[in-house]
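J.: Predicted coordinates and the sequence they were generated for:
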Amino acid sequence: MNPHFRLRQLPFPAKLVVTAFLLSVGLGYFSAMVQLHMKHSARDGNPLPGPKDVIEVFAGLKAYDPDAEMLCACMDRLIAGDIDADDVTKDNMAPAFKIQSAKWDEARGRNPEQVNLERDGERQAMLAWVRLKDLVLKKASYEDGLDGLFPLPNELKTAPITKKYVDEKHNLKIRLLINDRCQRCHKEQVPDLGDYDKIAAFANPPSQEVIAGKWVRSDKQTSFEKLTQSTHAHLLTFSILFGLTGIVFAFTSFPAWVRCIVAPVVLIAQVADVSCWWLARIPAPYGPNFALAIMGTGAVVGIGLSMHIVLSLWNMYDTRGKAVVMLLLFGGALGFGYLGFKVIKPALDDEERIFKKNLDDKKAPPPVTVANVPKPMAKVGHLEQLLSGPRLATKDVPFNKNGTMVPALFEKSPGFNKALKENPKLEQERDAERLAFLAWVRLDDAARSQAYQDDKMPMPKELAGKPFTDDYLSDGAVTVKSLIEARCGWCHASGAEQEDYPLENYEQLKKYFAPKK
């Protein structure tokens, strides 16, 4: 055998096979980067996991912030939900104060508006107790007397609360309240909430152990089972792939010292990378340093593999072949750029928007004040409430008759995401539709009915000059009937998903103008 055999000496069919192999490995590695984003990144709009993500996933730690808001207790989250929902769920226990409470219909029969106020007052008072940062006081107030006596904060002393649960000194009978609103069902359900030690696990925020003065535990750490599975899969499959690409590069005509470094470096870096996965589990302060090293070893793997592919392809062919390789690489770069601009960037922007929205949702609830205690039921129509909700539904404000219908104009609308790519002003136009819809709902019945029958409503002054969907404009007026048919009819028409709640004519719409029962 010729001791100086080089890639360029391969027969042309063999060169084609090697070329296809190298390009396939490159595409496979790119898909691995996509998987890395999906699996380990914070999905915050960044394409790859950052240092914080890597430390959380492999070391199981995150930076301790002494100024951060106290973590929300489970009980806080559950009773701060939608109190007007039809039933309690594992994510919302607030209806236990109203419709799911004992003798609710009988209580409302006396004075519905006052009872609504008092039940929400109960909930706000319980939230004030749950949100106490002084855990000693929280326990003492629960165990004070037979019913428990929690001194209400000043801002709740004048709030409407069912008299049964407040004494003359403005103390909340917290144990009695929990027994009536929670333990009534939980006597026979898990968890039992019959005494403070059982309640504390749900009423107190999760404790945070500060490690090495700067870290706290994260629940995102990869388990031993998953790490073991990932280790054997990576070492076996990548060893074969990187071994083959390394051998291909070893037969190039580059200087021997270059080949001796670049050919094996990917395999070595991959072994170091996997080793750091495990070393990152060493207790702080050392574990996080090994976790950060994963980013370095991963970068070496990516750069080394790119050199294997690009330099081997370049070295394999003569001048004409190099021109073809350059065209292929240039075409691939253009294709990736187009994909990045049309698909990847919009997807990352959506992730960033959702990430920020979720951050806002997870912020600590506002302090309980009289202003937070619901006023008597405002004379706001049910449809107006649904159109005034958030664009993105949450657990507390779902996409249904008890939450918000705004998503029906945006992400839930058929073809919205595709249309958004073609029309950057689409979101502004859809929000203008919502505002026009609200303006129509707020008209008096005669004007509202006439605008619907004529399919014509004057454009609200606040929307003049703003982007608006051309399909629902006629001589400067809003074709409100056509708008309703387009945005509501696809789901609420006969034969559609929500045909039990038809919105095909004015009479069917009319019953939703009144306040929600």
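T.: Received the coordinates, thanks.
J.: so where is the stretch 1-150 of the chain shaky, pLDDT-wise?
T.: Along the stretch 1-150 of the chain, the parts satisfying pLDDT under 70 run over 1-3, 66-72, 109-110.
J.: try it again with 90
T.: Across the stretch 1-150 of the chain, the ranges flagged by pLDDT under 90 are 1-8, 34-50, 60-150.
J.: show me where it has helices.
T.: 12-40, 51-54, 74-79, 104-108, 112-130, 135-142 (DSSP state H, counting those that start in this stretch).
J.: now for the longest one, which elements pack on it?
T.: Right, helix 12-40. helix 224-250, helix 286-316, helix 319-339 (3 or more C-beta pairs under 8 Å, 6 or more residues apart in numbering; DSSP states H and E). All C-beta spots, glycine's among them, are computed from the backbone N, C-alpha and C.
J.: That helix to helix 286-316, inter-axis angle?
T.: 160 degrees (axes from the mean of the first three to the mean of the last three C-alpha atoms, to 10 degrees).
J.: what does the last one give?
T.: What separates the directions of helix 135-142 and helix 286-316 is an angle of 120 degrees, with the same axes, to 10 degrees.
J.: Could you pull out the buried residues of helix 135-142?
T.: Residues of helix 135-142 classed as buried: Lys138, Lys139, Ser141, Tyr142 (neighbour count, 16 or more other C-beta atoms under 10 Å).
J.: Now for the protein, the helix or strand with the poorest mean pLDDT.
T.: Every helix and strand of the chain was ranked by mean pLDDT, DSSP states H and E. The lowest is helix 104-108, at a mean of 73.
J.: residue ranges for the strands of the stretch 351-500 of the chain, please.
T.: For the stretch 351-500 of the chain, strands defined by DSSP state E, counting those that start in this stretch occupy the ranges 457-458, 473-474, 477-478.
J.: Partner strands of the last one and their direction?
T.: Strand pairing for strand 477-478, determined by DSSP bridges: strand 457-458 (antiparallel), strand 473-474 (antiparallel).
J.: what about these, which gets the closest to Lys510?
T.: Evaluated with C-beta to C-beta, the strands paired with strand 477-478 place strand 457-458 nearest to Lys510, the distance being 16.2 Å.
J.: quick revisit: so which of the strands paired with strand 477-478 is the most surrounded?
T.: Burial of these is given as mean neighbour count (mean count of other C-beta atoms under 10 Å); strand 457-458 ranks first at a mean of 16.
J.: chain center to that strand: distance?
T.: 38 Å (C-alpha atoms, centre = their mean, to the nearest Å).
J.: Surely Pro153 is in contact with Ala128?
T.: Yes. The criterion here is C-beta atoms under 8 Å, and Pro153 meets it with Ala128 at 5.7 Å.
J.: Of the two, give the one with the bigger neighbour count.
T.: Ala128 (22 against 18; other C-beta atoms under 10 Å).
J.: Isn't the more buried one up against Pro151?
T.: No. Judged on C-beta under 8 Å, Ala128 makes no contact with Pro151 at a distance of 9.9 Å.
J.: what do those two both touch?
T.: Residues touching both Ala128 and Pro151 (C-beta atoms under 8 Å, 6 or more residues apart in numbering) are Leu172.
J.: burial count for Asp273?
T.: 21.
J.: what's the helix or strand it falls within in contact with?
T.: Element membership for Asp273 (DSSP states H and E) is helix 256-279. Helix 256-279 is contacted from outside by 58, 222, 227, 230-231, 234-235, 238-239, 242-243, 245-247, 249-250, 252, 254, 286-287, 290-291, 293-294, 297-298, 300-301, 304-305, 307-308, 311, using C-beta under 8 Å, 6+ apart.
J.: by how many degrees do it and helix 224-250 diverge?
T.: Going by the same axes, to 10 degrees, helix 256-279 makes 180 degrees with helix 224-250.
J.: Distance-wise, check Ile247 relative to Val258.
T.: 15 Å (C-beta to C-beta, to the nearest Å).
J.: which residues touch Asp84?
T.: Pro95, Lys98, Ile99, Asn402, Lys516.
J.: What residues does the first one make contact with?
T.: This means Pro95. By C-beta under 8 Å, 6+ apart, the neighbours of Pro95 are Asp82, Ile83, Asp84, Ala85, Asp86, Asp87, Val88.
J.: Please apply the same query to the fourth one.
T.: When contacts are counted by C-beta under 8 Å, 6+ apart, Asn402 touches Asp82, Asp84, Ala85, Asp86.
J.: ok, now with 6 Å
T.: Ala85 (C-beta atoms under 6 Å, 6 or more residues apart in numbering).
J.: now it: how far from Leu509?
T.: 18 Å.
J.: now do the third one
T.: When C-beta to C-beta is applied, the distance between Ile99 and Leu509 equals 25 Å.
J.: Comparing the two, which residue is more hemmed in?
T.: A count of neighbours by other C-beta under 10 Å puts Leu509 above the other of Ile99 and Leu509, at 21 against 17.
J.: Quick check on the residue lying closest to that one once chain neighbours are set aside: phi, psi?
T.: Once flanking residues are discounted, Leu509 sits nearest to Leu503: 5.6 Å by C-beta to C-beta, 6 or more residues apart in numbering. In terms of degrees, to the nearest 10, the main-chain angles of Leu503 are phi -130, psi 50.
J.: just for the stretch 351-500 of the chain, where's the confidence low?
T.: The stretch 351-500 of the chain contains residues with pLDDT under 90 at 351-439, 441-449, 452, 459-476, 480, 483-500.
J.: cutoff 80 now
T.: 355-381, 388-397, 399, 401-403, 417, 424, 462, 465, 489-490, 493-496 (pLDDT under 80).
J.: Tell me where it has helices.
T.: Under DSSP H, counting those that start in this stretch, the stretch 351-500 of the chain gives helices at 382-387, 416-422, 426-441, 445-454, 480-487, 489-492.
J.: Can you convert those into a markdown table and add a column each for distance to Gln270 and mean neighbour count?
T.: Listed next are those as a markdown table, based on distance: least, C-beta to C-beta, whole Å; neighbours: other C-beta atoms under 10 Å:
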| stretch | distance to Gln270 | mean neighbour count |
| --- | --- | --- |
| helix 382-387 | 54 | 19 |
| helix 416-422 | 37 | 12 |
| helix 426-441 | 43 | 19 |
| helix 445-454 | 66 | 14 |
| helix 480-487 | 52 | 20 |
| helix 489-492 | 51 | 17 |
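J.: Nearest to Arg123, out of those?
T.: Comparing these by C-beta to C-beta, helix 382-387 comes nearest, at 19.1 Å.
J.: Output that closest one in PDB, but only the C-alpha positions, please.
T.: C-alpha atoms of helix 382-387 as PDB (Å, rounded to 0.1, in the frame of the first residue of the first chain):
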ATOM      1  CA  HIS A 382     -69.800  38.700  30.100                       C
ATOM      2  CA  LEU A 383     -68.700  39.300  26.500                       C
ATOM      3  CA  GLU A 384     -66.900  42.500  27.500                       C
ATOM      4  CA  GLN A 385     -65.100  40.600  30.300                       C
ATOM      5  CA  LEU A 386     -64.000  37.900  27.800                       C
ATOM      6  CA  LEU A 387     -62.700  40.400  25.300                       C
END
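J.: Quickly list the domain ranges of the chain.
T.: As recorded under automatic domain parsing, the domains making up the chain are 7-62+217-317, 74-203, 382-510.
J.: start to end distance for the last one?
T.: Using C-alpha to C-alpha, to the nearest Å, the end-to-end distance of domain 382-510 comes out at 10 Å.
J.: possible to save the helices of the stretch 351-500 of the chain as TSV with distance to Lys103?
T.: Converted to TSV, these look like this (distance: least, C-beta to C-beta, whole Å):
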stretch	distance to Lys103
helix 382-387	26
helix 416-422	45
helix 426-441	35
helix 445-454	37
helix 480-487	40
helix 489-492	35
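J.: correct me, but the residue nearest to Leu509 touches Trp490?
T.: No. Look at Leu503 against Trp490 with C-beta atoms under 6 Å: they stay out of range, at 10.5 Å.
J.: show me the contacts for the residue nearest to Leu509.
T.: Taking C-beta under 6 Å, 6+ apart, one finds Cys488, His492, Leu509 in contact with Leu503.
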